[in-house]
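Colleague: I need the structure of the sequence given here:
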Amino acid sequence: MPLVRISHRAGVTDAYRRALSDGVQEALATAMKVPADDRFHILTEHATGLIFDSHYLGIERTPEWVAIQITLRKGRTVEMKQALYRRIVENLAKDPGLRSEDVMISLMENDLADWSFGKGEAQYVR
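Modeller: Down below sits the predicted model:
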């Protein structure tokens, strides 16, 4: 049920965008036990509008910086979240070749009643 938003620089290929989505989805399936077909990703490219500190916390970021926001049901352990972060950066290093320093991940947790997948219903609380 996660909803994933990935913001990246403009001008990348469709294959690059697909690699971003695939890498995050595989990590969710592996680290969070999300079903493989539970994929709802919104990828947004930005010609401008990606403003970030290239040195915050001593991490050197480049213009390749990507922000990943994942909204999901609460209840995962800190260990599962850390495994997710590691798996995402490992996957994105392989394809499309992102540096781990250029990947920012933010999790936003909510409850079952906070989801409607269509028809104006909260399917998980019926």
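Colleague: got a list of what the residue positioned nearest the centre of the chain touches?
Modeller: In the chain, the centroid-proximal residue (CA atoms, centre = their mean) is I68; its distance is 3.8 Å. Going by CB atoms under 8 Å, 6 or more residues apart in numbering, I68 touches 4-7, 24, 88, 103-106. Yep, even glycine has a C-beta here, placed from its N, CA and C like the rest.
Colleague: Where helices are concerned, which of the residues you listed count?
Modeller: Among those, the members found in helices (DSSP state H) are 24, 88.
Colleague: show me where this protein has helices.
Modeller: Assigned by DSSP H, the helices in the chain fall at 14-31, 78-94.
Colleague: on that earlier part again, what sits opposite the residue nearest to the centre of the chain in the beta ladder?
Modeller: Beta-bridge partners for I68, by DSSP bridges, are I6, I105.
Colleague: how far away is it from I105?
Modeller: If you measure I68 against I105 using CB to CB, to the nearest Å, the figure is 5 Å.
Colleague: so what sits against both of the two?
Modeller: With CB under 8 Å, 6+ apart, I68 and I105 have common neighbours I88.
Colleague: Endpoints of stretch 30-39, how far apart?
Modeller: Distance across stretch 30-39, first residue to last, is 14 Å (CA to CA, to the nearest Å).
Colleague: what about G58, how many neighbours?
Modeller: A count of neighbours around G58, defined by other CB atoms under 10 Å, yields 6.
Colleague: Model confidence for it, exactly?
Modeller: G58 carries a pLDDT value of 96.
Colleague: ditto for Y124
Modeller: Y124 carries a pLDDT value of 88.
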